[in-house]
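K.L.:
Whatever this is, show me its structure:
(chains A and B)
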Amino acid sequence: MAPPAHQSHRSPSPSQPSGKGEVSDLKLQLRQLAGSRAPGADDSKRELFKKVISYMTIGIDVSSLFSEMVMCSATSDIVLKKMCYLYVNNYAKSNPDLALLTINFLQKDCKDEDPMIRGLALRSLCSLRVANLVEYLVEPLRSGLRDGSSYVRIVAATGVLKLYHISTSTCIDGDFPSLLKQLMLNDPDTQVVANCLFALQEIWSSEASTSDEASRERDGLLSKPFIYYLLNRIKDFSEWAQCLVLELVAKYIPLDSNEIFDIMNLLEDRLQHANGAVVLATIKLFLQLTLSMTDVHQQVYERIKAPLLTLASTGSQEQSYAVLAHLHLLVMRAPMLFSSDYKHFYCHYNEPSYVKKLKLEMLTAVANEDNTYEIVTELCEYAANVDIPIARESIRAVGKIALQQYDVNAIVDRLLQFLEMEKDYVTAETLVLIKDLLRKYPQWSHDCIAVVGNISSNNVQEPKAKAALIWMLGEYAQDMADAPYILESMIENWEEEDSAEVRLHLLTATMKCFFRRPPETQKALGAALATGIADFHQDVHDRALFYYRLLQHNVSVAERVVNPPKQAVSVFADTQSSEIKDRVFDEFNSLSVVYQKPSYMFTDKEHRGPFEFSEEVGHLSIQAPATDNVILAQRVEENDKDLLLSTSQREDAGAVSNNGSAYDAPLYDGSSSLLAVSSAPPSTSASQPSFDIDDLLGLSLQPAPAPLPPSPPVLHLNAKAVLDPGTFQQKWRQLPISLSQDFCMTPLGVASLTTPQTLLKHMQGHSIQCIASGGQAPNFKYFFFAQKVDDKSLYLVECIINTSSGKAQIKIKADDQSTAQAFSDLLQSALSKFGMP
Amino acid sequence: MISQFFVLSQRGDNIVFRDYRGDVPKGSTEIFFRKVKFWKEDGEEEAPPVFNIDGVNYFHVKMVGLLFVANTRVNVSPSLVLELLQRIARVIKDYLGVLSEDSLRKNFVLVYELLDEVIDFGYVQTTSTELLKSYVFNEPIVVDAARLPALGPASLFMQGTKRMPGTAVTKSVVANEPGGRKREEIFVDIIEKISVTFSSSGYILTSEIDGTIQMKSYLTGNPEIRLALNEDVAIGRGGRSIYDYSSSAGSGAVILDDCNFHESVNLDSFDLDRTLTLVPSDGEFPVMNYRMTQEFKPPFRVNALIEEAGPLRAEVIIKIRAEFLSNITSNSISVQMPLPMYTTRVSFELEPGSIGQTTDFKEANRKLEWNLKKIVGGAEHTLRAKLTFSQEWHGNITKEAGPVSMLFTIPMYNASRLQVKYLQIAKKSQSYNPYRWVRYVTQANSYVARI
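P.N.:
All right, here's what the predicted structure looks like:
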């Protein structure tokens, strides 16, 4: 805090006075004033208190004034009182003994006739955060909850939560939660209700793990009567409390679609609220409610578009960023629904780059046959932008659109025009893109290579771009007259090349060039291998040595290893799994959306948000008797995917085709995938290694294409396990995949699988229950679950069976990862017995 | 739920600091400030408004050269916290009349009083200036707005360019005026930010108006107010908001893509006769926000040209024409244009007899700047600039320069033609006749001409 002007003369730095001298000065002055009843004493006290608080604000320790401050606080001046409370609350925790001094006057004030004083004192009393003072707190708090003034009750409701954090046992033993509940259900003041609600949410969710009662109470918040009690007076709540209520209602599971429509109609006008937080909370609610109704869900998208765009353009830059992040999420899930709104995603020259980045990604996503030309034209303008990072992003965006397969020809021309701009960073980005483009569409090689061949390698400095250029030199050596000589001159400058990636590419490209144009490249290859073997970098050294020995062993084998016929890459791996994207969508209207990752990646368990508890309740909007939910659960899953998961489906398709090629390709194809590594990002980011490892396991544990003989099951399953679809759905989203395997059905099994139901009964006999199934021949899809007898941990299974190929794809998720394999054996043994008489 | 709230100065000093939950370790203000000041991540130079350091999420909003910050460990709604920060600033402004470092420093005790009531244990209680009045006892120490030093262009603290132009009203809603009695008055401002992109041939590529009807009431006793807009205002384009320039041109109607309203606004008769009824609470608040992509006549035409004039030379010609009526004057116009990287020198040539115009070549970021104090409707102004390069240039010079961007303010002009037809105040007595001010202002948001 700003010290008054004259202070600055005394201390060397006006903003950070050293403090010591000033504090003891203050102490003296406060003492003199403590007992004074002289006229004007309060004014002098005010000035002194101000100084103390200003020191406190800038971080100078003024706790040594505690007793003087308390002495001076015997006053009727409310401004002085407030300053004193502020001071006391700041230092009580670190000076519990001194804090005791304040109890007396705080307790007295709690009985003041002015409700404001009562409220202020109670708030301060509850904010002391000193555990051994709670005994003085209980009674004032109890009477506060019954106070005639709503101001005091508001303070008291929050006070209970504060008490809970200071001393859990005092709060629970004093039966405060049930007092709060009473208040919440009966108080006429909505702010009291709102404060009771958040206090109880916090208390019950943290108690739920140890107390069944708390867990029941917590779930009770989502009961129909209570939800309607809140919804019916939604407009009486303050805008902030409305957000709280809407968040809660988003977890409520309506009985049927009529109820869903009732709620949506009731809250429709909340979408026109000027407060963005209210609008986003409403949108979340609408999205969650309609998950199982494809058509309505799509209408919701149409409905929320305009309000979101309005919020994004009318608020401050910071607010519009938060809104755009949410819009971004929706655009990524359903790009086709936004394809006609692309102009809204054009960048303004003066927007901060964090906003531009989001917009560029949205522009890329919504590009389709109709708008690509205009979008690319706009992006090309940004490529010449003075803002270099954005110029780069824009070029990458053009490349991504090209890879999305729309109108590729015209884009290729425009990408090539970037090279004519002769700006280093533009050239660099473009080269990387052209390389990816050629890997996907080798048919463009002719056009591209003609232009790329004209680029002087001296103008390309960035490692990624250089590597891309070298890759093209090797790959298209026969089309580029100078290829061997360019490579040769690069090899001569080997020592100056800092990037190991570039050197690796140089080795491989020289090898490829050699096989295509041996006489011209022989000398360069010799030099490359010699310098490569002498390279200090382990990978470079190893690769050079490997090539050298390979050539020594057999030149034609070496050619098959380095230069095999290649298939075009159909889909590049996406960086985020669809699981993660779904989790982020579930956490709509939270930081997860801004960070673009689910909450477990950036925050610890107890801080996932006040509403995290209801995660387990699930997203199924309809809970029906067991026979129905088999189909319903399936429908939810499917609808959700059909409408929204075009991205993840694309990626699924990619994953499948990648796996496929990994399998079909002969062993020696390995070296070309070494090259691919540099450009295709790893399928999952480093922060979730379990996924990678599981996938690897999945591959390496691939059973031989014959049914496994049933191994003796060590695992005992509960024959009567029960699980509701909602919990299943939730768990399925939360757990990582433990195992993912392919399984060959026995011919008998395939023959018996005429309708989905036949398998259900069979699996039931093996204590594996089905929760949802569907499909028609030849494709059947099942969701199974099973429960371990001893510790009740669950196994969830997705099983897709294709009867024409006789193959089953199995994905297993387990509470207890270590027994996933054992369960898988059990499951496969059960499957292999299917159809046997 | 938030853990701490604080306001930092440009230098990183705490002006206000309040800890609500005690679950964020000490030193958070320094950790935050260092991160924002030296932000360099993902090639971005500017810290996003939300980021996470060691499990603590920091939210910040830049206003009048200050950083308003909140943090939390919980996965909260980012919109809620950012909106809250904005509202806290607005409440403080309502109380202090002027929001500035100086006024905050002089009134920090009052600010603490407000913060105590606005947030309790991290949960928002109220941000209504009206409600807060009964709990706040400090009298504001009013800072003279005229003496406020202009904020330097310290890049880190540049005010958001999307910021609404400040209204001239710098009175506190609570402080009494020197004369003793409060003056009964109400201000209604129609503020429009316009974005236009012209192609190199002068054709309008995109255009948008983001508008706000902002109200600030100093009326005692909260009388009801009726605000009538032009009756031909229509909302939504057949229910869908699709960019479509051809559909509505010439029909004369004002077609808004979408709008939203303040809580206190009663829309019962809006569909019928386009009137809004409300009981304005104290303080400044937006009655209605709206967005429009319907075609409109841009206030300025901009033509820019760059031509090579020899191996190391080029010439830039920028022409702007004000296409509004001559009784309207735009002020503080600034035209900027990035120049080719190898530009070393620029000599400017203004039209003869020009007054109130300055030119500059910012060498650090190779930018041409042309500032005009005012432009009268119908006038046209031209700037010629001769550039000298340090090396010969190949390729297409138009790809090396531009686009031209323009900032301006035009008082008493609105591009959308949305109007407040009348402002009716429920009368308490015959003699009750408060001052009513309805003002229009248009400001450039992103006004760009490509070359």
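K.L.:
Does anything pack onto the helix or strand containing A:E374? Which helices or strands?
P.N.:
A:E374 is part of helix A:372-383 when elements are defined by DSSP states H and E. Other helices and strands packing on helix A:372-383, by 3 or more Cβ pairs under 8 Å, 6 or more residues apart in numbering or on different chains; DSSP states H and E, are helix A:353-366, helix A:388-403, helix A:408-420. Every C-beta, even on glycine, is put in place using the N, C-alpha and C of the backbone.
K.L.:
What are the contacting residues of that helix?
P.N.:
By Cβ atoms under 8 Å, 6 or more residues apart in numbering or on different chains, the residues outside helix A:372-383 that reach it are A:342, A:346-347, A:360, A:363, A:366-367, A:390-391, A:393-395, A:397-398, A:401, A:406-407, A:410-411, A:414, A:417-418, A:421, A:426, B:205, B:403, B:450.
K.L.:
Which of these are buried, as a ChimeraX select command?
P.N.:
Selection of the buried residues among the contacts of helix A:372-383 in ChimeraX, burial being defined by 16 or more other Cβ atoms under 10 Å in any protein chain shown:
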select /A:342,346,347,360,363,366,367,390,391,393,394,395,397,398,401,406,407,411,414,418,421,426 /B:205,403,450
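K.L.:
The host helix or strand of B:F187 pairs with which strands, parallel or anti?
P.N.:
Assessed by DSSP H and E, B:F187 sits inside strand B:185-198. Here strand B:185-198 has these sheet partners by DSSP bridges: strand B:204-217 (antiparallel), strand B:435-449 (parallel).
K.L.:
how many neighbours does A:L794 have?
P.N.:
20 (other Cβ atoms under 10 Å in any protein chain shown).
K.L.:
Any idea what it is bridged to?
P.N.:
A:Q787.
K.L.:
check contacts around it.
P.N.:
A:721, A:723, A:731, A:785-788, A:814-815.
K.L.:
let's see 6 Å
P.N.:
By Cβ atoms under 6 Å, 6 or more residues apart in numbering or on different chains, the residues touching A:L794 are A:785, A:787, A:815.
K.L.:
now those in TSV, with pLDDT and neighbour count?
P.N.:
Listed next are the contacts of A:L794 as TSV, based on pLDDT from 0 to 100; neighbours: other Cβ atoms under 10 Å in any protein chain shown:
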residue	pLDDT	neighbour count
A:F785	87	21
A:Q787	86	20
A:D815	83	18
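K.L.:
Same list (those) but as a markdown table, adding distance to A:T521.
P.N.:
As requested, those are arranged in a markdown table below (distance: Cβ to Cβ, whole Å):
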| residue | distance to A:T521 |
| --- | --- |
| A:F785 | 60 |
| A:Q787 | 64 |
| A:D815 | 58 |
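K.L.:
Among those residues, pick out the one closest to B:R366, please.
P.N.:
A:D815 (60.7 Å; Cβ to Cβ).
K.L.:
if we can go back for a sec, can you say which of the strands paired with strand B:185-198 is packed in most?
P.N.:
strand B:204-217 (a mean of 22; mean count of other Cβ atoms under 10 Å in any protein chain shown).
K.L.:
Give me the contacts around that one.
P.N.:
Under Cβ under 6 Å, 6+ apart, the answer for strand B:204-217 is A:313-314, A:343, A:346, B:169, B:186-197, B:199, B:280, B:284, B:286-293, B:415-416.
K.L.:
In terms of helices and strands, where is the residue lying closest to A:D586 once chain neighbours are set aside?
P.N.:
Nearest residue to A:D586, sequence neighbours excluded (Cβ to Cβ, 6 or more residues apart in numbering or on different chains): A:R733, at 6.5 Å. Secondary-structure assignment from DSSP H and E places A:R733 in helix A:725-734.
K.L.:
Would you enumerate the residues in contact with A:I78?
P.N.:
B:F137.
K.L.:
can you tell me how far it sits from B:Y135?
P.N.:
The gap separating A:I78 from B:Y135 is 10 Å, by Cβ to Cβ, to the nearest Å.
K.L.:
Give the bridge partners for the residue of the stretch 351-451 of chain B found nearest chain A, please.
P.N.:
Distances between the stretch 351-451 of chain B and chain A by Cβ to the nearest Cβ are smallest at B:S446, namely 3.4 Å. Beta-bridge partners recorded for B:S446 (DSSP bridges): B:S195.
K.L.:
right, and it touches B:S195 too?
P.N.:
Yes: here B:S446 reaches B:S195: they are 4.3 Å apart, a contact under Cβ atoms under 6 Å.
K.L.:
what residue ranges in the stretch 351-500 of chain A score low on pLDDT?
P.N.:
A:405-409 (pLDDT under 70).
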